[in-house]
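*Asks:* All I have is the shape, not the residue letters:
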């Protein structure tokens, strides 16, 4: 029986949930997800859970935040004066903004608070700091070809 290992391309169905059973993503009822183990295409906790699985196997795994999207980092929260934004820009809680600092990589942040004078932005991933639960079904394994 072939077990999934580093370098294999695998096809899975998955459902990601929070502790309160809220589903935040799922492939069930859609196309399954395909990725190569070891290429960093999925969070480490899911990748580690799939290693050793066989086709047809299903499991539920708890993924701690450090093996998912990492801790919620205070240094990724910024409070910026409202006057720094264009006057006609609609600033509302939940809106996603992208910035491109000079010579830097694009940064995404969500607006978490707006007052007449200040705007609070959070650059953390929405699931940062959260422990997650994944139901995973391994549908296929394409073994890494030997060079």
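*Replies:* In hand now; what should we look at? Keep in mind the model is a prediction, meaning the values are calculated, not measured. Residues are numbered from 1 along each chain as shown.
*Asks:* can we go C-alpha only for contacts and neighbour counts from here?
*Replies:* Noted.
*Asks:* Scan this protein for its longest strand.
*Replies:* strand 132-142 (DSSP state E).
*Asks:* Got the domain ranges for the protein?
*Replies:* As given by automatic domain parsing, the domain ranges for the chain are 9-70+132-142, 74-122.
*Asks:* distance between the ends of the shortest one?
*Replies:* Start to finish, the residues bounding domain 74-122 are 9 Å apart (CA to CA, to the nearest Å).
*Asks:* what's the spacing between it and its chain's center?
*Replies:* On the basis of CA atoms, centre = their mean, to the nearest Å, domain 74-122 sits 21 Å off its chain's mean C-alpha point.
*Asks:* Now do the same contact list for residue 1.
*Replies:* Residue 1 makes contact with residue 54, according to CA atoms under 8 Å, 6 or more residues apart in numbering.
*Asks:* Residue 78 and residue 106, how far apart?
*Replies:* Between residue 78 and residue 106 the computed distance is 16 Å (CA to CA).
*Asks:* between the two, which one's more packed in?
*Replies:* The residue with more neighbours, out of residue 78 and residue 106, is residue 78; 15 against 10, by other CA atoms under 10 Å.
*Asks:* That one: which element?
*Replies:* strand 77-81 (DSSP states H and E).
*Asks:* what do you get for residue 47?
*Replies:* Going by DSSP H and E, residue 47 is part of helix 44-50.
*Asks:* so what's the closest residue to residue 77 other than its chain neighbours bridging to?
*Replies:* The shortest distance from residue 77 to any non-neighbouring residue, by CA to CA, 6 or more residues apart in numbering, is to residue 122 (4.4 Å). Beta-bridge partners of residue 122, counted by DSSP bridges, are residue 77, residue 110.
*Asks:* mind checking which helix or strand residue 7 is in?
*Replies:* Residue 7 belongs to no helix or strand, assigned by DSSP H and E.
*Asks:* That one: neighbour count?
*Replies:* Count around residue 7 with other CA under 10 Å applied: 15.
*Asks:* likewise residue 79?
*Replies:* Counted with other CA under 10 Å, the neighbours of residue 79 add up to 14.
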